[in-house]
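1. fold the following and give me the result.
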Amino acid sequence: MKVESGRLILSPSDLVNYLESPFASWMDRYHLENRGQLKPDELSEDAQLIIETGNQHERNILGELKGSGEELREIEQDSNSIDATMKALSSRVPIVYQAKLTAGDFAGYADFIMIDEQTGKYQIWDTKLARSPKPYYAIQLCCYSEMFAEMIGEPMPEKFGIILGADADGICERVELRVEDYIHYYRH
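-> Numbers count the residues shown, from 1 in each chain. This is a model prediction of the structure:
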């Protein structure tokens, strides 16, 4: 959640935070709009470790994809990120990392946008440290898919995916889900 040009901009994560706790979401907004009136709790060492481990998982997947031989474009998170994202997508780059997506009151950076080899269409992929899918992952990915479709002016992708954390053998399962199975709940 942030304010840009006087407008409140939400991320897919903000949507998930609201689903988990409307009060926590309200507090996030209150803090944003009333700086200095309250002090948010600091992250615990455990929470910081989980965040760093999740970031490392994402970097590991990025490294694997870079080593795959497919063309990959990394989008810098700066004032040109929307233009760079659109340029990569219009050039049909097979893998786009940290694409900036925006539509309406939502904006965020998708972990990966990849062309599906079977359909030739883009899909949104997110990395998650968990070893099994959680329901809110689909909500986040529906939001990213909707922003993606609005930005490029095409129908929403038919599927999106999650790259889960490594199992005991070091294998990261990839779970592909149909947008149609979750989009109505997401929009509700």
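2. I'd like to know how far residue 52 sits from residue 46.
-> 11 Å (C-beta to C-beta, to the nearest Å). Using the backbone N, CA and C atoms, a C-beta is placed for each residue, glycine as well.
3. swap that for residue 102, please
-> From residue 102 to residue 46 the distance is 33 Å (C-beta to C-beta).
4. repeat that for residue 35.
-> Relative to residue 46, residue 35 is positioned 27 Å away (C-beta to C-beta).
5. ok, residue 140 next?
-> Distance, residue 140 to residue 46, by C-beta to C-beta: 22 Å.
6. quick one: which of those two has more around it?
-> Using other C-beta atoms under 10 Å as the criterion, residue 140 and residue 46 rank with residue 140 on top: 23 against 8.
7. please name the residues that touch the more buried one.
-> 12, 13, 15, 16, 126 (C-beta atoms under 8 Å, 6 or more residues apart in numbering).
8. where does the protein have its least confident helix or strand?
-> strand 2-4 (a mean of 89; mean pLDDT, DSSP states H and E).
9. low-confidence ranges, this structure, go.
-> For the chain, no stretch has pLDDT under 70.
10. show me where it has strands.
-> Using DSSP state E, the strands of the chain run over 2-4, 7-9, 72-74, 95-103, 106-115, 122-127, 159-166, 172-178.
11. any chance of JSON lines for the ones you listed, columns mean neighbour count and distance to residue 27?
-> Shown next, in JSON lines, are those (neighbours: other C-beta atoms under 10 Å; distance: least, C-beta to C-beta, whole Å):
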{"stretch": "strand 2-4", "mean neighbour count": "10", "distance to residue 27": "15"}
{"stretch": "strand 7-9", "mean neighbour count": "12", "distance to residue 27": "15"}
{"stretch": "strand 72-74", "mean neighbour count": "17", "distance to residue 27": "34"}
{"stretch": "strand 95-103", "mean neighbour count": "22", "distance to residue 27": "25"}
{"stretch": "strand 106-115", "mean neighbour count": "20", "distance to residue 27": "20"}
{"stretch": "strand 122-127", "mean neighbour count": "23", "distance to residue 27": "25"}
{"stretch": "strand 159-166", "mean neighbour count": "21", "distance to residue 27": "28"}
{"stretch": "strand 172-178", "mean neighbour count": "14", "distance to residue 27": "31"}
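12. may I see those organised as CSV, with distance to residue 135 added?
-> CSV is the format used below for these (distance: least, C-beta to C-beta, whole Å):
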stretch, distance to residue 135
strand 2-4, 26
strand 7-9, 24
strand 72-74, 30
strand 95-103, 21
strand 106-115, 18
strand 122-127, 14
strand 159-166, 12
strand 172-178, 11
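13. give me the neighbour count for the closest residue to residue 70 other than its chain neighbours.
-> In space, and not counting its chain neighbours, residue 70 is closest to residue 94: 4.6 Å by C-beta to C-beta, 6 or more residues apart in numbering. Summarising burial for residue 94: neighbours were counted as other C-beta under 10 Å, giving 18.
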